[in-house]
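J.: When you get a sec, could you give me coordinates for this:
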Amino acid sequence: MAMKVGIQLYSVRDEMKKDPINAIRQVAEIGYKNLEFASSSADTDPGVGFGVDADTMLKLLDETGAKLISGHIRPIDENTIDAIIAYHEKVGTKYLGQSADFYESYDHLMERCAYYNWVGKRLAEHGMQFLIHNHYHEFQKLNGKEILYHIMDNTDPDYVSFELDTFWSMRGGMEPVEVMKRLGSRLKLVHQKDFSKTSTSPINLWTIKDPEKLISRETFGEGMDPKDFCEIGTGIMDIQSIIDTANGLGAEYIVLEQDHTQLTQMESVRISMDSFKKFNGLDW
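T.: Next up, the predicted model:
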């Protein structure tokens, strides 16, 4: 089984804000037919954000030959989950998760694990799966073990799977391939970007951050440089090994997520698509 290439539409967020329909048409024309959305407004918009209703999205997917594979959406709670499920059942989204979560203590982490199980069970009842997507701070240790592995050990594999961001795992001081192996069959999607060859920042962020101080939403970005990010295949990451490992574990998609670029966003994702085509083991 070979992974298919997708795109997190956050990579072209400026274009999405201007005109989400045209932005999706453009990325589909570039070759990204597997789409992942990002929305933090589920309390007012249960879909992909930007006010795109389900019927409009279905028409657009049919027109472009694309499909909605996944999404990051929040808040997911008792007030929003029914509308979220109704929208994404209709448009065919398979995976839903959050872009980031933050933990105040071990007890708070356990509360969040219970929440992940609750969401995952509700989604599973409708044929969808809940995904945990990481940044670097999930590799901070609590009670002697990385947060991500606490989540893995305290959630139900039937209800909670993982979307590993390899860039962020590397910046959390981990070897991405080894993390993937640890996740095993629970690894469903891979988020991929690249780390710039010209960056002067440390790869391991724990060399400049206090590993004893839990990261919050407010402190997350301290000490980071947007120039650390670069397009697929132009940096230092061993992306072929990541692809080979993910394929061996049965992951379904490798998804471009370009947090920052020195180019226009459409130029950036086009370069990454050209690079993706040079790797072995991807299903086009």
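
J.: Output the longest helix belonging to this protein.
T.: If you go by DSSP state H, the chain has its longest helix at helix 106-124.

J.: Heading C-terminal from that one, find the next helix or strand.
T.: strand 129-133 (DSSP states H and E).

J.: List the neighbours of the following helix or strand past that following strand that are in contact with it.
T.: Following strand 129-133 in sequence order, the next helix or strand is strand 141-142 (DSSP H and E). Residues outside strand 141-142 that contact it (C-beta atoms under 8 Å, 6 or more residues apart in numbering): 103, 105-106, 109, 147, 150, 211, 214. (Each C-beta comes from the backbone N, C-alpha and C, glycine too.)

J.: and strand 141-142, which strands flank it?
T.: Looking at strand 141-142 with DSSP bridges, its partner strands are strand 145-146 (antiparallel).

J.: what residues does the strand it pairs with touch?
T.: 138-140, 174.

J.: Swap in 7 Å and give it another go.
T.: 138-139 (C-beta atoms under 7 Å, 6 or more residues apart in numbering).

J.: Output the contacting helices and strands for the helix or strand of the chain with the lowest mean pLDDT.
T.: For the chain, using mean pLDDT, DSSP states H and E, the weakest element among its helices and strands is strand 95-98, scoring a mean of 95. Judged by 3 or more C-beta pairs under 7 Å, 6 or more residues apart in numbering; DSSP states H and E, the packing partners of strand 95-98 are strand 67-73, strand 129-133.

J.: Export these as a markdown table, with columns for mean pLDDT.
T.: Output for the helices and strands packed on strand 95-98, formatted as a markdown table (pLDDT from 0 to 100):
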| stretch | mean pLDDT |
| --- | --- |
| strand 67-73 | 98 |
| strand 129-133 | 98 |
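
J.: Dump those strands to JSON lines, plus distance to residue 227.
T.: Output for the helices and strands packed on strand 95-98, formatted as JSON lines (distance: least, C-beta to C-beta, whole Å):
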{"stretch": "strand 67-73", "distance to residue 227": "24"}
{"stretch": "strand 129-133", "distance to residue 227": "23"}
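
J.: What are the boundaries of the strands in the stretch 151-284 of the chain?
T.: 160-165, 187-192, 194-195, 229-230, 253-256 (DSSP state E, counting those that start in this stretch).
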